[in-house]
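Student: Mind folding the following:
(one chain, ligands or ions: 1)
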Amino acid sequence: MDASKPAKAVKDVVEAAAGKVADALTSDVPGAPGSAPPTVEEPTTPHDPLPPKKEQGAPETRTPTGAATGAPTTANGQQGAFLTTSQGARLRDTDHSLKAGPRGPVLLQDHHLREKITHFDHERIPERVVHARGAGAHGVFEAYGKAEGVTKAGFLAKGRTTNVFVRFSTVLGSRGSADTVRDTRGFATKFYTDEGTFDLVANNMPVFFIQDAIKFPDIIHAGKPHPDREIPQAQSAHDTFWDFVSLHTEAQHHTMWNMSDRGIPRSYRMMEGFGVHTFRLVNAAGETALAKFHWKPKLGVHSLTWEEAQLLGGVDPDFHRRDLYDAIEAGAFPEWELGLQVFPDTPEETFAGIDLLDPTKIVPEELAPVQPVGKLTLNRTPTNFFAETEQVAFHVGHLPPGIDVTNDPLLQGRLFSYVDTQLTRLGGPNFSQVPINRPHAPVNDMLRDGFHQQAVHAGVAPYRPNSLDGGNPFPAGDTDGAFVDVPVTVTEAPKVRANPASFDDHYSQVRLFWLSMSPVEKEHIVRAYTFELGMCYHQAIRERQLQCLANIDPVLCAEVATGLGLPAPEPTVPLVDPAPSPALSQVGRQWPADGRTMGIVVDPTAGLDDVDEVRRAVFAAGMVPLLVAPHGGLVGGLPVQRTFATGRSVEFDVLLLAGAPAPAPDASPARDAKAGAADSAAVDPRVLLLVDECWRHAKAIGAWGAGVDVLRQAGVAGTPGVVTGGSGAEVLTAVQQLLAAHRVWERFPASVA
Ligand code: HDE
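Tutor: Model prediction:
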């Protein structure tokens with residue numbers, strides 16, 4: 001077959017459908033750019049800017065001092081029908097510089113050219129030194145009122161709703177790195193409360209690599225790419241990372257979390273969040289309690305498989321942000337419950353023998369249950385990535401009355417770092433006046449001037465005490481809702497650079513985590529350590545890390561040692577046997593499948609009868625169906641989202657086979673390497689590859705009609721998690737049940753008990 005020419009049948013279908021395609025393609029499947037479908041011809045009639053897409057939100061229009069303006073949020077951006085300069089003068093031409101004749105030199109007086117280029121030259125700001133790659137969304141938080149006994153924070157009072165902006169991120173990679181790398185994820189939430197903004201700057205892991213902020217540059221320098229060649233990007237599988245964590249053994253707990261499935265989340269929507277540090281809460285009566293913050297996702301905690309994560313790095317490096325935005329657009333709003341673990345505020349600041357000031361330790365939920373105090377729903381995507389996601393500035397010191405800090409030395413350092421970093425990143429001290437950062441509470445500070453000052457402050461006396469401004473602003477009294485630092489007693493002690501002795505235990509909770517994993521999760525952890533250490537050049541570093549693993553668990557150490565071809569060392573510390581914490585495991589429960597993606601392979605020539613019905617049922621179940629066909633356009637009147645050439649298994653949570661499509665005209669290795677040695681197959685070889693990969697990634701697979709034959713050809717018929725039925729509806733019900741458990745792990749019996 002001549003691969004450069006589509007077969008006649010395909011050509012006919014495509015031509016017949018051409019007129020209908022435009023509307024159908026932009027219909028119900030999320031992700032289309034722009035709020036109106038474009039025309040083929042360039043538009044020429046002036047009109048006001050198009051509205052944002054229906055699912056898009058923007059920062060509320062507040063003044064720099066927090067007052068509501070009542071202006072629509074679209075007023076944040078451009079207005080009017082005509083192209084203008086930044087000063088609002090209408091422009092006739094932006095395509096040609098002002099020249100001394102059509103062939104002459106460009107004139108320095110071309111102020112429009114200079115404005116355009118100069119602004120462009122300065123479009124970038126420094127990316128975050130950590131958490132550079134992220135994606136944000138707007139939402140709302142509703143309080144249950146269950147926290148009123150422990151904190152007076154008004155936004156946690158019963159029935160109170162508060163607008164929020166959340167930014168998820170990876171830690172190590174640059175802004176353009178892949179979403180799916182093995183890494184910790186940031187989960188930072190800005191609550192615009194009417195008592196001042198509260199930032200809960202959390203991660204998807206409850207512990208941190210270091211116990212003292214002074215070590216932050218060390219761990220980050222070790223994790224970032226090597227300074228000479230600047231490789232590898234966005235990952236820990238390299239010598240400097242393992243060099244540091246194997247020497248600085250307090251990092252072992254966090255490292256274990258990274259090596260577990262938590263390091264490669266399936267979705268931001270399927271991550272837990274943890275404030276990590278212990279905070280101090282204070283209630284209306286002035287009583288205090290210690291507490292840890294948790295986010296619990298409605299959809300459960302789920303992960304990618306390692307091979308999926310790697311493939312996605314190439315096939316769809318934007319996988320997590322796309323997933324977040326598509327889910328919101330499809331109406332599958334991500335939800336989390338905010339939960340609190342509450343502990344008595346004792347002078348020792350310990351609970352069940354666990355030092356609450358040590359950020360490398362958790363308190364197992366079995367010992368201190370997480371009590372839900374409110375619900376977060378993300379329901380709007382940003383209108384402009386830079387204005388919102390890039391410029392949002394979080395700070396652990398943004399606290400409302402009722403929430404205070406503790407002496408956790410990591411938290412203490414963070415209290416300095418977040419403002420400091422914004423000075424460079426956002427170019428001055430007025431970053432809280434950027435629209436996304438503007439508080440929704442009245443601001444009456446005495447901070448003045450500085451780069452990019454947005455507020456026009458009246459008065460002459462930004463100092464206290466004053467009489468010239470009538471004494472304004474006045475300190476708030478006890479009954480005026482002031483933030484009052486909890487008067488914690490600081491015992492007399494020598495000034496030292498030292499940790500408390502309790503911080504010395506670097507292994508017992510790592511072992512607790514390992515012992516709490518199911519066999520399949522242990523397999524993944526073994527594989528992750530073996531992979532990462534296998535990517536190091538130096539054997540000394542591998543040996544040193546193996547010693548750390550020996551101090552965690554002999555089975556883990558032996559399995560990784562085998563993979564590395566090294567002897568397993570004996571432990572150098574006594575192994576304790578903590579009770580496992582089942583809450584740490586991700587498997588064994590049933591969860592909703594909102595916003596999941598279902599690939600439906602269709603054959604344009606047969607078996608299309610119930611595809612439309614299945615597609616509608618998938619939408620109705622809150623999921624997104626993607627039709628996968630030999631060619632784009634329409635098949636059976638339905639829009640095709642992926643072709644055998646463009647689609648890849650990693651995009652789908654479930655694969656349905658509604659037909660057995662014959663090799664398409666482009667199923668040739670010359671055109672598409674995925675086709676392999678194509679000639680002999682009765683089914684398009686890329687469909688067999690789809691099935692094979694979905695099977696390897698433990699995904700549910702379903703088929704009916706001719707699709708059943710594809711399962712036989714792929715050699716997976718009758719294996720766990722592969723279902724067939726008489727109709728699409730029957731098969732859909734069966735795969736939905738499988739999807740509730742996230743994966744079909746029974747396919748891969750674990751060898752580690
Ligand atoms: Fe951060 N961290 N961090 N961090 N962090 C930053 O602030 C820092 C730590 C976290 O989406 C920076 O605005 C120090 C723990 C998130 O904009 C910077 C220490 C936790 C984000 C900074 C820590 C976090 C950041 C970089 C050790 C989980 C992204 C850009 C004491 C509880 C926020 C910025 C966003 C960002 C410093 C440790 C979470 C440099 C010094 C522990 C989610 O200020």
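Student: going forward, measure contacts between C-alpha atoms and count neighbours the same way
Tutor: Will do.
Student: Is the nearest residue to Lys146 once chain neighbours are set aside in a helix, a strand, or coil?
Tutor: By the measure of Cα to Cα, 6 or more residues apart in numbering, the closest residue to Lys146 outside its immediate chain neighbours is Val373, 5.1 Å from it. Secondary structure for Val373, judged by DSSP: H, G, I helix; E, B strand; the rest coil, is strand.
Student: any idea how far Val373 lies from Tyr418?
Tutor: Distance check for Val373 against Tyr418: by Cα to Cα, to the nearest Å, it reads 27 Å.
Student: Can you pull the phi/psi pair for Leu311?
Tutor: The phi/psi pair for Leu311 (degrees, to the nearest 10) reads phi -60, psi -40.
Student: just Lys146 next, same as before
Tutor: The phi/psi pair for Lys146 (degrees, to the nearest 10) reads phi -80, psi -10.
Student: Would you mind measuring from Glu272 to His294?
Tutor: 7 Å.
Student: Tell me which residue in the stretch 1-150 of the chain sits closest to the ligand.
Tutor: Arg128 (4.4 Å; Cα to the nearest ligand atom).
Student: Would you tell me which residues of this structure are close to the ligand?
Tutor: 128-131, 167-169, 186-188, 201-203, 208, 213, 216, 275-276, 393-394, 410-411, 413-414, 417-418, 421 (Cα under 6 Å from any ligand atom).
Student: In PyMOL, how would I select the buried members of these?
Tutor: To isolate the buried members of the residues of the chain next to the ligand in PyMOL, using 16 or more other Cα atoms under 10 Å:
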select buried, resi 128+130+131+167+168+169+186+187+188+201+202+203+208+213+216+275+276+393+394+410+411+413+414+418
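Student: and the residues of the chain next to the ligand, which of them are in strands?
Tutor: 167-169, 186-188, 201-203 (DSSP state E).
Student: Quick check: pLDDT value at whichever residue of the stretch 351-500 of the chain sits closest to the ligand.
Tutor: The ligand sits closest to Tyr418 of the stretch 351-500 of the chain, with a gap of 3.6 Å, by Cα to the nearest ligand atom. Tyr418 is assigned 98 on the pLDDT scale.
Student: what's the closest non-adjacent residue to it?
Tutor: The spatially closest residue to Tyr418, leaving aside those adjacent along the chain, is His395, at 5.1 Å (Cα to Cα, 6+ apart).
Student: same deal with Asp212?
Tutor: Nearest non-adjacent residue to Asp212 (Cα to Cα, 6+ apart): Leu410, at 4.6 Å.
Student: I'd say that neighbour and Ala213 touch.
Tutor: Yes: counting by Cα atoms under 8 Å, Leu410 does reach Ala213; the two are 4.4 Å apart.
Student: if we can go back for a sec, against Arg175, how distant is the residue of the stretch 351-500 of the chain closest to the ligand?
Tutor: 18 Å.
Student: so where's the stretch 451-600 of the chain shaky on pLDDT?
Tutor: Along the stretch 451-600 of the chain, the model assigns pLDDT under 70 to no residue.
Student: That one: helices as residue ranges?
Tutor: Using DSSP state H, counting those that start in this stretch, the helices assigned to the stretch 451-600 of the chain run over residues 508-515, 519-534, 539-550, 554-564.
Student: how near is the residue nearest to Tyr418 to Ser467?
Tutor: With Cα to Cα as the criterion, His395 and Ser467 are 33 Å apart.
Student: So which of the two has more stuff around it?
Tutor: Using other Cα atoms under 10 Å, the more surrounded residue of His395 and Ser467 is His395, with 22 against 10.
Student: distance of that one from Asn437?
Tutor: In terms of Cα to Cα, His395 sits 11 Å off from Asn437.
Student: again with Val150
Tutor: Counting by Cα to Cα, the gap from Val150 to Asn437 is 28 Å.
Student: do the same with Asn204
Tutor: With Cα to Cα as the criterion, Asn204 and Asn437 are 23 Å apart.
Student: neighbour-wise, which of these two wins?
Tutor: Asn204 (29 against 24).
Student: out of everything not next to it in sequence, what's closest to the more buried one?
Tutor: Here the residue nearest Asn204, using Cα to Cα, 6+ apart, is Gly273, at 4.4 Å.
Student: Dihedrals phi and psi, the one you found?
Tutor: For Gly273, the backbone dihedrals are phi -130, psi 150 (criterion: degrees, to the nearest 10).
Student: Who are the contact partners of it?
Tutor: Listed by Cα atoms under 8 Å, 6 or more residues apart in numbering, the contact partners of Gly273 are 187, 202-206, 294-296.
Student: Check what pLDDT it gets.
Tutor: 98.
Student: quick one, phi/psi of the residue of the chain most remote from its centre?
Tutor: Distance from the centre of the chain peaks at Gly101, with 52.9 Å (Cα atoms, centre = their mean). As for Gly101, its main-chain torsions (degrees, to the nearest 10) stand at phi 90, psi 150.
Student: my guess is Gln252 contacts Asp243, does it?
Tutor: No: between Gln252 and Asp243 no contact is recorded; they are 11.9 Å apart, counting by Cα under 8 Å.
Student: So for these two, which sits in the more crowded spot?
Tutor: Gln252 (25 against 19).
Student: what's the helix or strand for that one?
Tutor: Assigned by DSSP states H and E, Gln252 belongs to helix 252-259.
Student: picking up where we left off before, not including adjacent chain positions, what is the nearest residue to the residue of the stretch 1-150 of the chain closest to the ligand?
Tutor: In space, Arg128 is closest to Arg425, 6.9 Å off (Cα to Cα, 6+ apart).
Student: Count the neighbours of that neighbour for me.
Tutor: Applying other Cα under 10 Å, I find that Arg425 has 19 neighbouring residues.
Student: ok so, going back, tabulate the contacts of Gly273 (a markdown table), appending pLDDT.
Tutor: Below are those laid out as a markdown table (pLDDT from 0 to 100):
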| residue | pLDDT |
| --- | --- |
| Phe187 | 99 |
| Ala202 | 98 |
| Asn203 | 98 |
| Asn204 | 98 |
| Met205 | 98 |
| Pro206 | 98 |
| His294 | 99 |
| Trp295 | 99 |
| Lys296 | 98 |
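Student: quick check, nearest of those residues to Leu113?
Tutor: Nearest to Leu113 among those is Phe187, at 41.1 Å by Cα to Cα.
Student: Please verify my assumption that that closest one contacts Pro206.
Tutor: No: counting by Cα under 8 Å, Phe187 stays clear of Pro206, with 11.5 Å between them.
Student: Would you tell me what the next helix or strand after the helix or strand of the chain with the lowest mean pLDDT is?
Tutor: Ranked by mean pLDDT, DSSP states H and E, the weakest helix or strand in the chain is helix 8-25, scoring a mean of 49. The C-terminal neighbour of helix 8-25 among helices and strands, as given by DSSP H and E, is strand 56-57.
Student: Can you give the strand pairings for that next one, parallel or anti for each?
Tutor: Note on strand 56-57: by DSSP bridges, its sheet partners are strand 371-382 (parallel).
Student: Which residues in the partner strand does the neighbour count mark as buried?
Tutor: 371-382.
Student: Same question for stretch 384-404.
Tutor: By 16+ other Cα under 10 Å, the buried positions in stretch 384-404 come out as 387-404.
Student: what's the span of it from first residue to last?
Tutor: In stretch 384-404, first residue to last residue: 33 Å (Cα to Cα).
Student: ok and the residue in the stretch 551-700 of the chain nearest the ligand?
Tutor: Among all residues of the stretch 551-700 of the chain, Leu584 sits closest to the ligand, at 17.8 Å; criterion: Cα to the nearest ligand atom.
Student: again with the stretch 51-200 of the chain
Tutor: Counting by Cα to the nearest ligand atom, the stretch 51-200 of the chain gets nearest the ligand through Gly186, at 3.5 Å.
Student: thought that residue was touching Asp179?
Tutor: No: here Gly186 lies out of contact with Asp179, judged by Cα under 8 Å, at a distance of 11.9 Å.
Student: Check the contact lists of these two and give me the overlap.
Tutor: What both Gly186 and Asp179 touch, as defined by Cα under 8 Å, 6+ apart, is the set Thr170.
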